[in-house]
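Undergrad: quick one, structure for this:
(2 chains)
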Amino acid sequence: MNVSAFDCIIAPTLILLAWLAMRIKDLFVGIVLFILFGLLTALTWVELQAPDIALVEAAIGAGVVGALFLGCLGIIESRQGIYQFPMERKRRSLLWIPVLSLAAILCWSISQLPPETQGLGNLVRNSLLDSGVTNPVTAVILNFRGYDTLLEIGVLFLAAVAIVSLRFFEPAKLDSRLAPNSRVFLFFLQLLTPSIVLVSAYLLWQGTNYPGGAFQAGAILTGGGVLLLLAKVSLPLDYRNPWLRLAVVSGFAGFLLTGLGMMGIGMMFLEYPVTYAKWVIVLIEILATVSSGLILLTLFSGCAGFLGITRRGGDGTL
Amino acid sequence: MELFKQTAFFYSITGVSIFCIGLYGLIAYDHFIRKTIAMNIMGTGLFLALVALAHRGPEGTPDPVPHGMVLTGIVVSVSATALLLGMVVYLFLETGATDLKGLIKKRERDK
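TA: Reported below is the predicted structural model:
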């Protein structure tokens, strides 16, 4: 396939946005440009026929990461005052030499690759019938390369454990008097919260056959949670509650136990029986959706100061 | 040059450029949030190159294995970003520093 006019517009725009997002003086503007960069990247994934990645990028890469950055900047600016961050105007011109050499080496090695290759595409398509699902990407992440996804949920879980261990931020004081009382916002919230749950469930279910899946669904649930937190609705994010801990670990533990259970009935670790493969995958995906949604919400709460019981020392002063 | 008119090679070169811009930013700028943005930009560049190169199949059918790997990669990079930002906030609340220089200055003042 040859480059289209759309590609010629989007690729330079991506490069320009990446450059501006880092370079621009005001960090807030930089973060907004980064979110824009993420959304344009999602469009690029569609162009590259990767709709699964486009969904993840739009929900996580632009959405959740953007919320994390804005939350973190919000805490810093609320204490430091919104001043123009002094731009580090160092003359780093020499740094361009190694960076550009690396770019040249990478471009040269890419040009040495064969222009057409089978890759593993045929192998996946030929074994798709054994996987229990018809979306090849879901088959890869939950069946053929289950190890990757198991460890991925493990990393996500570890990040949540680390963030919860750092929770000597300000206590999460959710003063409902400070809630946004715009009627437009409240109406929007009432309309959006149930539809977010519905969209998430739909993405989860259709992930077996079409683009979508557990992480996309989880990220959309997180978006709903972030919206509720910003409206000062208190969510049960108290990590002293064992049920919350159980829900957070359920994605990783469920996946691991399923894998081990398969060993118990004489199969390999993470190998599924062909006839039940679809239901095993759906079960793992449901657990992964709930726990990844909660974990991403925990990560946001940690970075934006919504998490925490009391500060260490207890007097709450900074 | 004929090669780079193919979508796969065109976007992988775009990915390399974005990766290198991110690498420059990661080294050149001081503010921790700016460094974290740069790290995310590097990651996106890498994912772009990987997915673009998966697009070389016959009849333009993409290879789903790199797609799955990139999906995993995006989730892992959001975990890393959250951990970094959580520590940036913690460091700021404890020391008031948002970059390494501020941290060193604060340490010298404390002595």
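
Undergrad: export the helix or strand bottoming out on mean pLDDT in chain A as PDB, just CAs?
TA: The helix or strand of chain A with the poorest confidence is helix A:121-131; it has a mean of 79 (mean pLDDT, DSSP states H and E). Output in PDB follows, covering the C-alpha atoms of helix A:121-131 (Å, rounded to 0.1, in the frame of the first residue of the first chain):
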ATOM      1  CA  GLY A 121      -0.300 -13.400  10.500                       C
ATOM      2  CA  ASN A 122      -1.000 -16.700   8.700                       C
ATOM      3  CA  LEU A 123      -0.200 -18.800  11.700                       C
ATOM      4  CA  VAL A 124      -2.700 -16.900  13.800                       C
ATOM      5  CA  ARG A 125      -5.400 -17.000  11.100                       C
ATOM      6  CA  ASN A 126      -4.900 -20.700  10.600                       C
ATOM      7  CA  SER A 127      -5.200 -21.500  14.400                       C
ATOM      8  CA  LEU A 128      -8.000 -19.000  15.000                       C
ATOM      9  CA  LEU A 129     -10.600 -21.800  15.100                       C
ATOM     10  CA  ASP A 130      -8.800 -23.300  18.200                       C
ATOM     11  CA  SER A 131      -8.800 -20.100  20.100                       C
END
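
Undergrad: just the element for the residue in the stretch 201-318 of chain A that chain B sits nearest to, please.
TA: The nearest approach of the stretch 201-318 of chain A to chain B comes at A:Leu299, 3.7 Å away (CB to the nearest CB). C-beta: built from backbone N, CA, C; applies to glycine. Applying DSSP states H and E as the criterion places A:Leu299 in helix A:277-304.

Undergrad: just checking the helix ranked longest in chain B against chain A, any contact.
TA: What stands out as the longest helix in chain B, according to DSSP state H, is helix B:64-95. Yes: residues of helix B:64-95 contacting chain A under CB under 8 Å from any CB of the partner chain: B:64-72, B:74-76, B:78-83, B:85-90, B:92-93.

Undergrad: could you look up the SS state of A:Leu237?
TA: Classification of A:Leu237 by DSSP: H, G, I helix; E, B strand; the rest coil places it in coil.

Undergrad: gap between the closest residue to it other than its chain neighbours and A:Val290?
TA: Once flanking residues are discounted, A:Leu237 sits nearest to A:Ser301: 5.7 Å by CB to CB, 6 or more residues apart in numbering or on different chains. Applying CB to CB, to the nearest Å, the value for A:Ser301 to A:Val290 is 16 Å.

Undergrad: do the same with A:Asn2
TA: For A:Asn2 relative to A:Val290 (CB to CB), the value is 44 Å.

Undergrad: tell me, how many residues neighbour the residue nearest to A:Leu237?
TA: By the measure other CB atoms under 10 Å in any protein chain shown, the count of residues near A:Ser301 is 23.

Undergrad: mind giving me the packing neighbours of the helix holding A:Leu299?
TA: Judged by 3 or more CB pairs under 8 Å, 6 or more residues apart in numbering or on different chains; DSSP states H and E, the packing partners of helix A:277-304 are helix A:65-80, helix A:121-131, helix A:146-165, helix A:183-206, helix A:214-230, helix A:242-264, helix B:64-95.

Undergrad: which residues are in contact with stretch B:23-35?
TA: Here stretch B:23-35 makes contact (CB atoms under 8 Å, 6 or more residues apart in numbering or on different chains) with A:22-23, A:27, A:30-31, A:69, A:72-73, A:76, A:85, A:88, A:90, A:92, A:95-96, A:99, A:102, B:37-39, B:41-42, B:84-85, B:88, B:91, B:98-101.

Undergrad: just the buried members of these?
TA: Among these, those classed as buried by 16 or more other CB atoms under 10 Å in any protein chain shown are A:22-23, A:27, A:30-31, A:69, A:72-73, A:76, A:85, A:99, B:37-39, B:41-42, B:84-85, B:88, B:91, B:98-99.

Undergrad: close to chain B, is stretch A:252-270?
TA: No: contact of stretch A:252-270 with chain B (CB under 8 Å from any CB) is absent, the minimum separation being 12.4 Å.

Undergrad: export that stretch as CSV, just CAs?
TA: What follows is stretch A:252-270, C-alpha atoms only, in CSV (Å, rounded to 0.1, in the frame of the first residue of the first chain):
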residue,chain,number,x,y,z
PHE,A,252,-4.4,-11.2,38.0
ALA,A,253,-5.4,-13.9,40.4
GLY,A,254,-8.2,-15.1,38.2
PHE,A,255,-6.0,-15.4,35.2
LEU,A,256,-3.2,-17.1,37.1
LEU,A,257,-5.6,-19.6,38.8
THR,A,258,-7.2,-20.4,35.5
GLY,A,259,-3.8,-21.1,34.0
LEU,A,260,-2.9,-23.3,37.0
GLY,A,261,-6.3,-25.0,36.9
MET,A,262,-5.6,-26.0,33.3
MET,A,263,-2.5,-27.7,34.5
GLY,A,264,-4.7,-29.6,37.0
ILE,A,265,-6.7,-31.1,34.3
GLY,A,266,-3.6,-32.3,32.4
MET,A,267,-3.0,-29.4,30.0
MET,A,268,-0.2,-26.9,29.7
PHE,A,269,-0.1,-23.7,31.8
LEU,A,270,-2.5,-21.2,30.2
